[in-house]
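> Sharing a model that was predicted from the sequence below.
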Amino acid sequence: MSSIETQVSETLIRITTKIPPTQIISRLQTGTTSTMTLDVAALEKELRAGMKGEVSFSDGDRGMYASDAGNYRMVPIGVVLPRDAEDVLHTLAVCRRHGAPIIARSGGTGIPGQSVNVAVMLDFSRHMNRVNELNPEAKSARVQPGIVLDDLRKAAGKHGLTFGPDPAQHIGRHDRQQLLRNSLDDVRRDGRQHR
C-alpha cells in the first residue's frame, strides 16, 4: 500500500496512506485515505535504545533503500538492520507505539515495488541471512528472512536437492546493494559523512 510523506517540521512527518476500502459503490472505492503524523526523531531514538543491530535515518541510507528491482521509488522513514529476532520484536513494538508503518525486505529484488514504501524498513540481508537448519530426509529447511535463494540452493545442492521457483534475478541485485552499503560504511568510517 503506497504512502506519501510530507515534512511538517524538523522532526515531524505526515504520511497519507491507502487503507482497505470501507465501501465499494458502483465499482469505486471509498474511505481509503488515512493520514498519520509521526515524530521521526523520537522514533529513531527509541529504536536505537534497545537495538543490537543498526538503525539509520540518514538521507544517504534512506535514499539507497528507496528503490528495488522495479520502477518504484519511495524513500523509507528509516532503516533497521536487525541482528536477531529480539531486534525485530523491539522494532515492531516501537513502531506499534509510534503508529509507524513497517516494511520488510531482504535482497530488494521485488519488481512490482513490494519492498519499498514510506515506512520503517527492516533489512534482513546483512545479519539475518543464514540457513538455520537443513533436513535432507524431510526435504525441508528453516532459513532466516534475509537468505539469498542461491545460498539456500547451494546448501541444498550438497544433498541433491534444490528449491524452486527459479527467478530471473539471482544474487546480482543483492550484491550491488551490499556493495553500496559497504561503500557508505567506508565513507562513514573515513568521517566524510556526518549524521
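Right, received. Where do you want to start?
> Just to be sure, residue 141 is in a helix?
No - checked against DSSP: H, G, I helix; E, B strand; the rest coil, residue 141 lies outside a helix; its state is strand.
> Tell me how many other residues crowd residue 13.
Using other CB atoms under 10 Å, residue 13 has 18 neighbouring residues. (C-beta placed from N, C-alpha, C; glycine too.)
> Make residue 1 into 53 and carry on from there
With 53 as the first residue, the last one maps to residue 65.
> Next, the spatially closest residue to residue 193 that is not a sequence neighbour: secondary structure please.
Distances taken as CB to CB, 6 or more residues apart in numbering put residue 186 closest to residue 193, at 4.8 Å, once the chain neighbours are dropped. Put simply, residue 186 is strand when judged by three-state DSSP.
> Now do the same contact list for residue 186.
By CB atoms under 8 Å, 6 or more residues apart in numbering, the contact set of residue 186 is 192, 193, 207, 208, 211.
> and these, which are buried?
The neighbour-count test (16 or more other CB atoms under 10 Å) applied to the contacts of residue 186 identifies 193, 207, 208 as buried.
> any chance of the residues you listed in JSON lines, with pLDDT and distance to residue 154 too?
Output for the buried ones among the contacts of residue 186, formatted as JSON lines (pLDDT from 0 to 100; distance: CB to CB, whole Å):
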{"residue": "193", "pLDDT": "91", "distance to residue 154": "25"}
{"residue": "207", "pLDDT": "93", "distance to residue 154": "29"}
{"residue": "208", "pLDDT": "92", "distance to residue 154": "30"}
